[in-house]
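Asker: here you go, sequence then predicted model.
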Amino acid sequence: MISVSKVSKTYGDGDAQTRVLKNVSLEIEAGEFVAIIGTSGSGKTTLLNVVGGLDREFTGDVSVNGAKISGLPEAKLAEMRNTQIGFVFQQFNLLDHLTAAENVALPSFFSPKETADAERRAVELLERVGLSGRSESNPTQLSGGQKQRVAIARSLFCNPQLLLCDEPTGSLDRNTGVEILNIFRKLNEDDGLTLIMVTHEEHIARMARRIIRFEDGEIVSDKANKPSDPSRRLQLGEEE
Amino acid sequence: MSFGRLIQLVLQSIRRNRRDFILSSIGIVIGIGTLLFFTALGAGVQTTVLEDVFVVRQLEVVKPSYDVAGFQTGGLFGGPKLNDRTADIFRDIEGVRTVFPKMKLTFPSSVKGGKALLGKDMWAELIADGIPPELVQEELTEPVIEFKDWESIPCDAGCPDGMSCGSDNVCTGRSCGSDADCASPQYCHQEEKICLMPIPALVAPALLEIYNGSVQTAMAGAKGMVGNLPKLSQKALIGFEGEAVFGRSYLGRSKSDKQISRRVKLVGFSDKAINLGLTMPIGYIKRLNAEVSGQASAEEYHSIVVEAKSNDAVAMIAQTIVDEQGFALSSKYENAQRAGLLILLLTLIFNLVSLIFLAIAAINIMHTFLMVILERRRELALMRAVGATPNNIRMLVLGEATALGLIGGTLGIMVGYAVSKFVDYLLATQVGAFPYKPETLFSFEPWMVAGCLGVALLFCWIGALLPAFRASRMEPAAILAGR
């Protein structure tokens, strides 16, 4: 599914140069739920952007579904982001002047093929993430958790095979975060969606079936994990 | 991205950035309004000057004159002649619609009349020329009497009511003792004692303009009857009659001492009429010249007016007539050229001012779009993340500029048109009569509207081009990560 080979990336010039990725290599199979954990500035978000084709300024090779990202023309890469990859961001990135349904249907504007009845599909996706009846609400009328649900529905609009989530619970309270994680788990277990989730929180990372630990632009550990049930941990009042 | 989806996105953006959109469009509205206003004003003034004042489409060809020791002369051997053969040559020049020879009376004449209008008959010197009747038949739709030579109708063509075939196979009126014996509008000629049709005459609209705009105003403060001259309209003057005496005037008599009297009736107004005087069917003038001044004076025309099919063809026709045929053009043509050039220059200067407005508007649009794009960078980066190509982003920004151009341009056209109507209203209500005062100062053509919209779009695109490229080159990863 995803192959990352000797990827390096540097920001800045001269003395101010910062190497955020240092010869990173990894393989992720289809259907995996991977958490990339690390401190702020460790390079995990940069790796996510490289894999998602949002950042093309790197060295090394990255392939998604057999297609080499660095060799793809801009239009093909955009098509890949539209049809094969879904993004979920910490800050939700919803457009306030659109309704929830319009936000969900945003990818349809750039879809290479016409999406029949985009509005109906957007409403269905909102129902699937637990937002029945909120399709006409504006983002300003929604709570943080609801906004992230809208963002997840948007990421699913074009039936992607890969979901890239950058600190998806970072702006949410713990209960809401758990709800969002449960949605991810269901998408992974029920629909077979490949999930890569970047986080700096241990208890969030423990939800994944594989945990890759990043430090200073390098992978320091890559281990399989038996996912815990966060809702249960929450009921027991456990803390990290 | 399909065109329909692009429009949807553009409309969403406009709704969202309504305030910025309105501010950006103000410059375009002012610029386009000004551009249309001055373009239509230039075209309108040019139309009035070149078609009403100078009638540039009609070239008056005259015999050339030569400077000999400071004197102007017609040439050692008289130069080329303006006769029927010359008219045929002019008719064959490319771009010529028609030619019409003009012949002037070659002896002094006078006319008496005006009692119906002024309360008292007045005598005036009569200057007259003649043109072929068929040249004005289309414009004289319902003349009080037909503009033709009534005294040379061949019997074969059928004689009109009140006329019968005469001895020389020409229709002639019956004998009479008074007007009552004649079928109206014929009158009884007191010397010849036969019924005659009045000579139909035309007057140039310019003459009426000069009378109303200058003479009547200047005479308003005069003593006596001339102090009460009324303002005249074309409608009031049609049907006006006068008694003409050909061969005698205040200034002199004809060399042959011969006099012919005829009643003259004004039947219409035409640009083809002589500027100062009366224009009659050329048959009358030829006959009068032959009878009063001799046959030779009835064989050569004084000028031939060559009418071009369009204003564009005028220069080429003028060159052919002057350079190849060796004739001259009346000074009116050169004056028209100068006036046309002056108007064109003024129009260009005003249009340049409009373009400066538009350039400022384009800079304003660039600034606004750059600011808007800065505000919307997260939105644009998100679009890139969900599948927009850099080209999609460029098209979105340029689409917004297109909407701005179309809406601003349309509003500008409406503003320019409305202001022109207001200026016309002021002209009609606040500005007094003057010669050639037009009903409107403006001439709007469809190409002006299309051109203004095109210019509006062009300047909006120029303004939005840099922001569009900047937007398409944004790094979505950096923006979405908040860097």
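Answerer: Okay, I see it.
Asker: name the residue of chain A that lies nearest to chain B.
Answerer: As assessed by C-beta to the nearest C-beta, chain B sits closest to residue A:82 within chain A, at 2.6 Å. (Each C-beta comes from the backbone N, C-alpha and C, glycine too.)
Asker: excluding its backbone neighbours, what's nearest that residue?
Answerer: residue B:387 (2.6 Å; C-beta to C-beta, 6 or more residues apart in numbering or on different chains).
Asker: quick one: the one you found is in a helix?
Answerer: No: counting by DSSP: H, G, I helix; E, B strand; the rest coil, one finds residue B:387 to be coil, located in no helix.
Asker: that one and residue B:237, how far apart?
Answerer: Distance, residue B:387 to residue B:237, using C-beta to C-beta, to the nearest Å: 77 Å.
Asker: have a look at the two and say which one is more surrounded.
Answerer: Neighbour count, other C-beta atoms under 10 Å in any protein chain shown: between residue B:387 and residue B:237, residue B:387 has more, with 25 against 16.
Asker: which ones are touching that one?
Answerer: Contact analysis of residue B:387 by C-beta atoms under 8 Å, 6 or more residues apart in numbering or on different chains lists A:78, A:79, A:81, A:82, A:83, A:107, A:110, A:111, A:158.
Asker: how close does it get to residue A:81?
Answerer: From residue B:387 to residue A:81 the distance is 5 Å (C-beta to C-beta).
Asker: what about the chain, any weak spots by pLDDT?
Answerer: You didn't say which chain, so I picked chain A. Scanning chain A with the threshold set as pLDDT under 70 gives A:115-116, A:229-240.
Asker: try chain B instead
Answerer: B:52-55, B:66-79, B:333, B:435-436, B:482-483.
Asker: in it, what residue spans correspond to helices?
Answerer: Here chain B has its helices, by DSSP state H, at B:3-16, B:18-47, B:84-91, B:115-118, B:205-210, B:216-219, B:234-237, B:282-293, B:314-319, B:331-375, B:377-385, B:390-430, B:446-472, B:476-480.
Asker: export these to JSON lines and tack on distance to chain A?
Answerer: Formatted as JSON lines, the helices of chain B follow (distance: least, C-beta to the nearest C-beta, whole Å):
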{"stretch": "helix B:3-16", "distance to chain A": "4"}
{"stretch": "helix B:18-47", "distance to chain A": "10"}
{"stretch": "helix B:84-91", "distance to chain A": "65"}
{"stretch": "helix B:115-118", "distance to chain A": "74"}
{"stretch": "helix B:205-210", "distance to chain A": "62"}
{"stretch": "helix B:216-219", "distance to chain A": "65"}
{"stretch": "helix B:234-237", "distance to chain A": "63"}
{"stretch": "helix B:282-293", "distance to chain A": "75"}
{"stretch": "helix B:314-319", "distance to chain A": "54"}
{"stretch": "helix B:331-375", "distance to chain A": "12"}
{"stretch": "helix B:377-385", "distance to chain A": "5"}
{"stretch": "helix B:390-430", "distance to chain A": "6"}
{"stretch": "helix B:446-472", "distance to chain A": "10"}
{"stretch": "helix B:476-480", "distance to chain A": "4"}
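Asker: and of those helices, who's closest to residue B:108?
Answerer: helix B:282-293 (9.6 Å; C-beta to C-beta).
Asker: check which helices and strands the longest helix out of those in chain A is in contact with.
Answerer: When chain A is parsed with DSSP H, its longest helix is helix A:174-191. Counting contacts by 3 or more C-beta pairs under 8 Å, 6 or more residues apart in numbering or on different chains; DSSP states H and E, helix A:174-191 is packed against strand A:33-38, helix A:144-155, strand A:162-166, strand A:194-199, helix A:230-235.
Asker: which residues does it contact?
Answerer: So helix A:174-191 is in contact with A:31, A:33, A:129-130, A:143-145, A:148-149, A:152, A:156, A:163, A:165, A:168-169, A:172, A:193-195, A:197, A:204, A:207, A:227, A:230-231, A:234, going by C-beta under 8 Å, 6+ apart.
Asker: of those, select the buried ones using a ChimeraX command.
Answerer: If you want just the buried ones from these in ChimeraX, going by 16 or more other C-beta atoms under 10 Å in any protein chain shown, the selection is:
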select /A:33,129,145,148,149,152,156,163,165,168,169,172,193,194,195,197,204,207,227,230
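Asker: show only the entries of the contacts of residue B:387 found in helices.
Answerer: Using DSSP H, these in helices are A:78, A:79, A:81, A:82, A:83.
Asker: name the member of those residues that has the highest neighbour count.
Answerer: Tallying neighbours with other C-beta under 10 Å puts residue A:81 at the head of those, with 27 neighbours.
Asker: who touches it in this structure?
Answerer: With contact taken as C-beta under 8 Å, 6+ apart, residue A:81 is in contact with A:52, A:53, A:54, A:87, B:384, B:385, B:386, B:387.
Asker: swap in 7 Å and give it another go.
Answerer: Neighbour list for residue A:81: A:52, A:53, B:385, B:386, B:387 [criterion: C-beta atoms under 7 Å, 6 or more residues apart in numbering or on different chains].
Asker: with adjacent residues omitted, what lies nearest to residue B:81?
Answerer: residue B:300 is the one closest to residue B:81 (C-beta to C-beta, 6+ apart), at 5.7 Å.
Asker: quick check: that neighbour touching residue B:80?
Answerer: No: between residue B:300 and residue B:80 there is no contact under C-beta atoms under 7 Å: 10.7 Å.
Asker: what does residue 224 show for phi and psi?
Answerer: Since you didn't name a chain, this refers to chain A. Main-chain dihedrals, residue A:224, degrees, to the nearest 10: phi -70, psi 150.
Asker: in three-state terms, how would residue A:75 be classified?
Answerer: Residue A:75 ends up helix, using three-state DSSP.
Asker: what's the burial count for it?
Answerer: Neighbours of residue A:75 (other C-beta under 10 Å): 13.
Asker: try residue B:98
Answerer: Residues near residue B:98, counting by other C-beta under 10 Å, number 15.
Asker: what do you get for residue B:310?
Answerer: Residue B:310, neighbours per other C-beta under 10 Å, totals 9.
Asker: measure it to chain A for me?
Answerer: 51 Å (C-beta to the nearest C-beta, to the nearest Å).
Asker: got the residues of chain A near chain B?
Answerer: Where chain A comes near chain B, counting by C-beta under 7 Å from any C-beta of the partner chain, the residues are A:45, A:49, A:54-55, A:74-75, A:78-79, A:81-82, A:87, A:89, A:93, A:95, A:97, A:106-107, A:109-111.
Asker: span of stretch B:272-284 from start to end?
Answerer: Stretch B:272-284 has its terminal residues 17 Å apart, counting by C-alpha to C-alpha, to the nearest Å.
Asker: hang on, residue B:24 packs against residue B:368?
Answerer: Yes: in this structure residue B:24 lies within contact range of residue B:368 using C-beta under 7 Å: 4.5 Å.
Asker: look at the two and report which has more neighbours.
Answerer: A direct count of neighbours by other C-beta under 10 Å for residue B:24 and residue B:368 places residue B:24 higher, at 26 against 21.
Asker: filter the residues of chain A next to chain B to the buried ones?
Answerer: For the residues of chain A next to chain B, buried by 16+ other C-beta under 10 Å: A:45, A:49, A:54-55, A:78-79, A:81-82, A:87, A:89, A:93, A:95, A:97, A:106-107, A:109-111.
Asker: in strands, which of the residues you listed fall?
Answerer: Among these, the members found in strands (DSSP state E) are residue A:87.
Asker: nearest to residue B:420, of the ones in helices among the contacts of residue B:387?
Answerer: residue A:78 (48.7 Å).
Asker: name the nearest residue to the closest one, ignoring sequence neighbours.
Answerer: residue B:389 (4.2 Å).
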